[in-house]
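Visitor: Structure, please.
(2 chains)
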Protein chains: 2
Amino acid sequence: MLKNDLILRAARGEKTERTPVWLMRQAGRILPEYRAIRNRLSGFKELVETPELAAEVTIQPVDILGVDAAIIFSDILVIPEAMGLTYEMVEKKGPHFPKTVEKISDIDSLKVADPSDLSYVYEAIKITKKELNERVPLIGFAGAPWTIFSYMIEGGGSKTFSKARKLLYSNPEMADKLLNMITDSTIGYLKNQIKAGADIIQIFDSWAGVLPPEHYSQFSLKYISKICQAITEVPITVFAKGAWWALPEMVNLDCRTIGLDWNMDVATAKNVLKDKTLQGNLDPCALYGSNELIKIETKKMLKGFQGHPHIANLGHGVYPDTDPNKVKYFIESVKELSTS
Amino acid sequence: MLKNDLILRAARGEKTERTPVWLMRQAGRILPEYRAIRNRLSGFKELVETPELAAEVTIQPVDILGVDAAIIFSDILVIPEAMGLTYEMVEKKGPHFPKTVEKISDIDSLKVADPSDLSYVYEAIKITKKELNERVPLIGFAGAPWTIFSYMIEGGGSKTFSKARKLLYSNPEMADKLLNMITDSTIGYLKNQIKAGADIIQIFDSWAGVLPPEHYSQFSLKYISKICQAITEVPITVFAKGAWWALPEMVNLDCRTIGLDWNMDVATAKNVLKDKTLQGNLDPCALYGSNELIKIETKKMLKGFQGHPHIANLGHGVYPDTDPNKVKYFIESVKELSTS
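Guide: Residues are numbered from 1 along each chain as shown, chains lettered A, B, ... in the order given. Below is the predicted model:
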């Protein structure tokens, strides 16, 4: 029995005694306690693939920052790797795929991920659940198929994602084939995360914002919808960064919560997404301000979501150079201001 | 007397015999004729600063692609340079400022650009006008103050622009001071472009999309509005990439045309911006498709804007690896389909 199940109740649309709060990217880079562990290792991937250590950094923000949920320390790119496309994490640069998908035969050499492939993630979840000892829920996650697809085609980040987007015009059948393989891989992966103990699932569509609305429906939401339909065990949160135009269509997703970035208009979202819980959406840069400013901005944000089921968060992952004390102050402010 | 003034008439909201068309970034990288000139020089900046050559590459797309306007070949970063902050253009990487603005004393060492500083731009405009010989109008341009400010703080492109955004929370007075200096520099610069012969002005707010709506009003639109008020000689186009939420507020700008990116919903924009001409907004990736697909997508776009004053364009600068023949096909399709 969870001692603090605020996030799960908020996700179900229930009234809660205060607004629950966690941060995207809370496990990692901002905490000195994380960097101490990370610096002992050969690289980011060793940490992701070592269940005991992944569990340890997953729990750190619960102990240190006082968040209402843990999120398993991992990376969305474990899925392409399990499909046969290995990634590297280049220090200060981000992910890089030495091999990318260029032609249909490249897809033929990939497979739908085997659930047993990612046992290190499930192991990390089991250890985390045991060590959390029911204090707060554990969030599992995966990338949305479109975002994973983009990485597999581009080989890394991109300003325009024009290679990935090109394929949608030049070879939509090939795109559909790869997107379906990613979708099936993701469904199996998430089901295993839930079996291992994940209490709630978040789907990150980090590159949603680069698609024109029509393509977003056809090449992203369609596959997210398949995942939401397949995952019935726990509540799902969908965070499609930058896809403000898609909110009306997201009403129909079989998910409980929609994440909002800091550009999105809360009043509109409340109106459009009447039956969904909303998550977000403080500008991560607000945490660069004084405590006084953080409190003002947090108050403003909470007021914006008032009267609607809400899970407080930033509108994006916390930026690496954010002072952990400011993060703590934000979390405390949510707790204080949402009860008064 | 301009022989083809379609764009100017469309900007004034007049009905035109067909939809005029040009492309952002039409002068440059996509044309082999451009690369032939560029390869003879030491770098991008030499081309920007050599009026005869800048004029030559400005006119190339009029001759080769058949666009309805030329846009002067230059860079938005000539303004920070004229203010005292030199930029470099790093091949395949983009702009880089060896020195950036970090503290208030860094601003004190800058000046409001002197109109005489950028005489190479005005010279290029004069030569272009002469060589164009009234065939089509010439577009002058500048970056929006927020976008210029971002480069001056960040020192280059960025995924999150968190340094520039940080300042808005941590020191809004300092931000305002620098933004005002950029605004004043830009007004003088644009007035001189017009004196030299620019027939229409476009303001590019390339990094509009990273700001939360409230900050966008306060730290971007406010200064764009000042510029629009000061420039009364020719029609102005404002292109705020990614700032979909700002469209209702942009109604009040003293500009004639609003540029739309490929994410923006045309029906909404038509409704919100009843009195403005709209420019855009084909997904630049559509030009990677077959001619057949380009025609279908162009038709769809034209239909979307039907009944509203419209200047056809892409929703972003044309991507560097686009086949010039596809660009030409797009331009021909607009001309053909908008008359039928």
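
Visitor: Of all the residues in stretch A:190-197, which ones are buried?
Guide: A:190-194, A:196-197 (16 or more other C-beta atoms under 10 Å in any protein chain shown). No exception for glycine: its C-beta is placed from N, CA and C like everyone else's.

Visitor: any chance of the residues you listed in JSON lines, with distance to chain B and pLDDT too?
Guide: Below are the buried residues of stretch A:190-197 laid out as JSON lines (distance: C-beta to the nearest C-beta, whole Å; pLDDT from 0 to 100):
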{"residue": "A:190", "distance to chain B": "27", "pLDDT": "98"}
{"residue": "A:191", "distance to chain B": "32", "pLDDT": "98"}
{"residue": "A:192", "distance to chain B": "31", "pLDDT": "97"}
{"residue": "A:193", "distance to chain B": "28", "pLDDT": "98"}
{"residue": "A:194", "distance to chain B": "32", "pLDDT": "98"}
{"residue": "A:196", "distance to chain B": "32", "pLDDT": "98"}
{"residue": "A:197", "distance to chain B": "32", "pLDDT": "98"}
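
Visitor: from these, which is closest to residue A:114?
Guide: In terms of C-beta to C-beta, no member of those lies closer to residue A:114 than residue A:192, at 10.4 Å.

Visitor: Skipping its backbone neighbours, what lies nearest that closest one in space?
Guide: residue A:115 (5.0 Å; C-beta to C-beta, 6 or more residues apart in numbering or on different chains).

Visitor: surely residue A:213 meets residue B:263?
Guide: Yes - the pair residue A:213 / residue B:263 is scored as a contact, 6.8 Å apart, by C-beta atoms under 8 Å.

Visitor: Those two: which is more packed in?
Guide: residue B:263 (24 against 17; other C-beta atoms under 10 Å in any protein chain shown).

Visitor: Can you pull the phi/psi pair for that one?
Guide: phi -90, psi -20 (degrees, to the nearest 10).

Visitor: could you list every residue that touches it?
Guide: A:209, A:211-213, A:242, A:245, B:242, B:244, B:315 (C-beta atoms under 8 Å, 6 or more residues apart in numbering or on different chains).

Visitor: Helices - which of the residues you listed land there?
Guide: Filtering the contacts of residue B:263 for membership in helices, criterion DSSP state H, returns residue A:213.

Visitor: re the thing from before, present the buried residues of stretch A:190-197 as CSV; the columns should include secondary structure.
Guide: CSV is the format used below for those (DSSP: H, G, I helix; E, B strand; the rest coil):
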residue, secondary structure
A:190, helix
A:191, helix
A:192, helix
A:193, helix
A:194, helix
A:196, helix
A:197, coil
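
Visitor: For residue B:135, state which of those is nearest.
Guide: Nearest to residue B:135 among the buried residues of stretch A:190-197 is residue A:190, at 59.4 Å by C-beta to C-beta.

Visitor: Common neighbours of residue A:213 and residue B:263, please.
Guide: Common neighbours of residue A:213 and residue B:263 (criterion: C-beta under 8 Å, 6+ apart): residue A:245.

Visitor: And the one residue sitting closest to the centre of chain A, how far from residue A:137?
Guide: The residue lying closest to the centre of chain A (C-alpha atoms, centre = their mean) is residue A:204, at 4.1 Å. Per C-beta to C-beta, to the nearest Å, residue A:204 is found 18 Å from residue A:137.
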